[in-house]
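[1] When you get a sec, could you give me coordinates for this:
(2 chains)
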Protein chains: 2
Amino acid sequence: MKDIYKLKSPVYIVSSAAVTGHEEYNGPLGESFDLSLPGDDTFGCESWEQAESELVRMAVGIALSKALLCEEEIDILLAGDLLNQCISSAFGLSKLSVPFLGLYGACSTAAEGLLIASLLASAYSIRTANAASSHNAAAERQFRSPLEYAGQRPPTAQWTVTGSGAFILSPFIKDAEQAILGAQSHLAVIDEVCPGRMVDAGIDDANNMGAAMAPAAADTLLRYFSAGGKIPSLILTGDLGYEGGEIFLSLMESAGHDISKIYNDCGLMIYSREKQDKHAGGSGCGCSAAVLACRILNSIKKGELDDVLFLGTGALMNTMSIQQGLTIPAIAHLVHIKGERRFCK
Amino acid sequence: MKDIYKLKSPVYIVSSAAVTGHEEYNGPLGESFDLSLPGDDTFGCESWEQAESELVRMAVGIALSKALLCEEEIDILLAGDLLNQCISSAFGLSKLSVPFLGLYGACSTAAEGLLIASLLASAYSIRTANAASSHNAAAERQFRSPLEYAGQRPPTAQWTVTGSGAFILSPFIKDAEQAILGAQSHLAVIDEVCPGRMVDAGIDDANNMGAAMAPAAADTLLRYFSAGGKIPSLILTGDLGYEGGEIFLSLMESAGHDISKIYNDCGLMIYSREKQDKHAGGSGCGCSAAVLACRILNSIKKGELDDVLFLGTGALMNTMSIQQGLTIPAIAHLVHIKGERRFCK
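    Just a heads-up that it's a prediction; the model follows:
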């Protein structure tokens, strides 16, 4: 079994974009998102599901325009989301005339997409577009109860992010150079990936995804280190939250790796614990996608951060499996992103 | 936009397996499936969803044992199904300690999986396992009504296959040679693929998937021919059925390609129109996966069939999008499979 896939040639994250709802705008990273829509998070649509499709459509559109590329220049589009049969990706992107690969990795979808896309872009010299999304109201009525029901949330529950992140990948440095924005001293490059295995730690509480996903994150990171992967400047999980993050750190520590000083989680970054009542933190495909697309990639491109292990985490259950009393298999995919200093012009 | 992806080196379909329910066993291909379970299609499980997981687990297990490979020798596992959040793949395969990529391509999932897997196997010299599945009773209660409701089915409705197909791919000829079975004079090889684009033809009838998917199948096949793809000995769609098959042939004819003599559809092959009341034919991820895994690959390996375009078709809607009055985007992915004569020993 192969653990680390070194790309045949580096793949540039030419551009990225995040579009979110108003709660995400009110959080600590609000200013960094490309577009955050005010109001009731319907974005002018008739349903929450269609609103989520609109988020995806806008995120991919903004990422394409930042890359100075049009849809005809993209070879493959990869996307997925949390809704049944991944409809927000399908309906949001069906008008793009680009070959489409639908993915389902629950909240790990952004990482799964970047992993597959970078492997293909590198080996076949193609450009890809990736997207992942979630919508709080659409997810709540699909996985738990409609918002109108006003269900009580336990302290371990996370808050599904209303947002979408999109990424344009290319193996061509000219694509990365033409998409340079103002303060950008570095290019963001994917050089290796490590696909995750499913791990079922026996958790059956749909309100404690963090605990279900933490062992999967530890499994992937330990495989990565065992196979020779180096300690980076930041280990960034997707949405373990406060509960799962603690478990992850203690699992890593038991295995002899104290990573607490270089660890963060997109679900902890996106909302303010003091000012926003989000319990154990943010979650959802849109959480890691939006935080990576804006805050993290902006920092890499400014040279503030140079070496990130992005570990997208996902819980592979559905409402029915929980009702049937089954435990939750989880997964975590790893994507290594580096900053590469631009040649002076 | 790249249309045809020539693999860097050919990828062998080392082994394949199909496990089905009793209705599929009673059809014309019944004898060719590796395992068909009698009884009520619960396969000893407590729910239809868990029964579907059991199908996937068994199909992958049989394919692995036919390949004379153990799970540690597989580098990536790719799977998907029709259930919400793809739970039959996750729960069926979570005990395999193999990196997992979850896919959602509706009924095109088998083709989408073979496409991604062959691209990765060829470029990174890895072995993959693929699976796709569906279960009639699980799908009916998820997409339409529970069987107990005894809803009337219109003539354009298709019958979701209870079955799973699994495939082991490898770029190493020694793997293909070691898995040779009795009458096998040829090896089955994937040499090129063409990923599909989403096409929304404006169909909003959840009981007429064939009509929704036919334009997507035509779009992919026309792109393939325009990009230099050759006419094969068999064009095999996944599950267009009687309704969609006719539309597909007429769309192709309008574009100047009379393919009627070399065309077939897995949904037409799996049930007997005379003896089994399945209306417009079979459908579901398990339909194309099971028919390809047994009947088609057996024929290729015996030298009866040498050149197949496998066009997996999928409708990317869900129950809610239909209830919200949205039309159905569809997709079709193409995988070119050839028979390669074995060297005499």
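[2] From chain B, how far out is A:Gly244?
    Note on A:Gly244: its distance to chain B, by CB to the nearest CB, to the nearest Å, is 18 Å. In short, each C-beta sits where N, CA and C put it, glycine included.
[3] So the closest residue to that residue other than its chain neighbours, which state does it fall into?
    Spatial nearest neighbour of A:Gly244, chain neighbours left out: A:Gly210 (2.4 Å); criterion: CB to CB, 6 or more residues apart in numbering or on different chains. Under the three-state scheme (DSSP: H, G, I helix; E, B strand; the rest coil), A:Gly210 adopts helix.
[4] Can you tell me how far A:Gly210 is from chain B?
    From A:Gly210 to chain B the distance is 18 Å (CB to the nearest CB).
[5] Run through the residues that contact that residue.
    A:Gly210 sits next to A:156, A:158, A:239-245, A:247, A:267, A:280-281 when contact means CB atoms under 8 Å, 6 or more residues apart in numbering or on different chains.
[6] Out of those residues, which comes closest to chain B?
    Closest approach between the contacts of A:Gly210 and chain B, by CB to the nearest CB: A:Asp239, at 15.6 Å.
[7] For that closest one, give me its contacts.
    A:Asp239 neighbours (CB under 8 Å, 6+ apart): A:107, A:158, A:209-210, A:213, A:265-267, A:281-284, A:287-288, A:313.
[8] Could you list the low-pLDDT ranges of chain A?
    Filtered on pLDDT under 70, chain A yields the residue ranges A:344-345.
[9] What segments of it are helices?
    A:22-25, A:48-66, A:87-93, A:109-124, A:136-143, A:173-178, A:209-226, A:241-254, A:266-269, A:285-291, A:297-302, A:319-323 (DSSP state H).
[10] before we move on, the earlier item: how about CSV for the contacts of A:Gly210, with distance to A:Ala330 added?
    Shown next, in CSV, are those (distance: CB to CB, whole Å):
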residue, distance to A:Ala330
A:Thr156, 15
A:Gln158, 13
A:Asp239, 11
A:Leu240, 10
A:Gly241, 13
A:Tyr242, 17
A:Glu243, 13
A:Gly244, 9
A:Gly245, 14
A:Ile247, 11
A:Gly267, 14
A:Ala280, 15
A:Gly281, 16
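[11] List only buried entries from these.
    Burial by neighbour count, judged by 16 or more other CB atoms under 10 Å in any protein chain shown, picks out A:156, A:158, A:239-245, A:247, A:267, A:280-281 from the contacts of A:Gly210.
[12] follow-up on the earlier one: ranking the helices of chain A by burial, who's on top?
    Comparing those by mean neighbour count (mean count of other CB atoms under 10 Å in any protein chain shown), helix A:285-291 ranks first with a mean of 38.
[13] For A:Leu249, give me its contacts.
    Going by CB under 8 Å, 6+ apart, A:Leu249 touches A:Ile259, A:Ser260, A:Tyr263.
[14] bridging residues for the closest residue to A:Gly284 other than its chain neighbours?
    Excluding its sequence neighbours, the residue lying closest to A:Gly284 (CB to CB, 6+ apart) is A:Ser134, at 3.1 Å. Beta-bridge pairing for A:Ser134 (DSSP bridges): A:Gly163.
[15] Please list the residues of the stretch 201-345 of chain A that sit near chain B.
    Within the stretch 201-345 of chain A, the positions near chain B by CB under 8 Å from any CB of the partner chain are A:Leu316, A:Met317, A:Asn318, A:Thr319, A:Met320, A:Ser321, A:Gln324, A:Leu326, A:Pro329, A:Ile331.
[16] And the furthest pair within the residues you listed?
    By the measure CB to CB, A:Gln324 and A:Ile331 form the most distant pair in those, at 20.1 Å.
[17] out of those two, which sits in the more crowded spot?
    When neighbours are counted by other CB atoms under 10 Å in any protein chain shown, A:Ile331 comes out ahead of the other of A:Gln324 and A:Ile331, with 31 against 17.
[18] Show me what residue of the stretch 151-300 of chain A gets nearest to chain B.
    A:Pro195 (3.7 Å).
[19] In space, what's closest to that residue - neighbours in sequence excluded?
    Nearest non-adjacent residue to A:Pro195, counting by CB to CB, 6+ apart: B:Pro99, 3.7 Å away.
[20] Hmm, A:Phe172 is touching A:Tyr12, no?
    Yes - in this structure, A:Phe172 is within contact of A:Tyr12 by CB atoms under 8 Å, at 7.5 Å.
[21] Please give me every residue in contact with A:Leu114.
    Neighbouring residues of A:Leu114 by CB under 8 Å, 6+ apart: A:Asn130, A:Phe167, A:Leu169, A:Ile190, A:Val193, A:Phe310, A:Gly312, A:Val335.
[22] so who does the residue lying closest to A:Phe310 once chain neighbours are set aside touch?
    Leaving aside its chain neighbours, A:Phe310 sits nearest to A:Val335 (4.6 Å; criterion: CB to CB, 6+ apart). A:Val335 sits next to A:Ala111, A:Leu114, A:Leu115, A:Ser118, A:Ile190, A:Val193, A:Leu309, A:Phe310, A:Gly312 when contact means CB under 8 Å, 6+ apart.
[23] which residues does A:Val335 form a beta bridge with?
    For A:Val335, the beta-bridge partners are A:Val193, A:Phe310 (DSSP bridges).
[24] Any figure for the gap between it and A:Gly267?
    According to CB to CB, to the nearest Å, A:Val335 stands 17 Å off from A:Gly267.
[25] Now do the contacts for A:Gly244.
    Neighbouring residues of A:Gly244 by CB under 8 Å, 6+ apart: A:Met209, A:Gly210, A:Ala211, A:Ala212, A:Met213, A:Ala214, A:Ala217, A:Thr237, A:Asp265, A:Ala280, A:Thr313.
[26] would TSV of these with distance to B:Leu35 be doable?
    Below are the contacts of A:Gly244 laid out as TSV (distance: CB to CB, whole Å):
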residue	distance to B:Leu35
A:Met209	35
A:Gly210	39
A:Ala211	37
A:Ala212	32
A:Met213	34
A:Ala214	37
A:Ala217	36
A:Thr237	40
A:Asp265	44
A:Ala280	44
A:Thr313	35
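[27] Out of the residues you listed, the closest to A:Phe43 would be?
    Checking the contacts of A:Gly244 against A:Phe43 by CB to CB gives A:Met209 as the nearest, at 25.7 Å.
[28] and the residue nearest to the closest one when sequence neighbours are not counted, how many neighbours?
    Using CB to CB, 6+ apart and skipping residues adjacent in sequence, the residue nearest A:Met209 is A:Ala315, 4.7 Å away. Using other CB under 10 Å, A:Ala315 has 26 other residues around it.
[29] I'd assumed A:Tyr104 was in contact with A:Ala315.
    No - if you go by CB under 8 Å, A:Ala315 and A:Tyr104 don't touch, sitting 11.9 Å apart.
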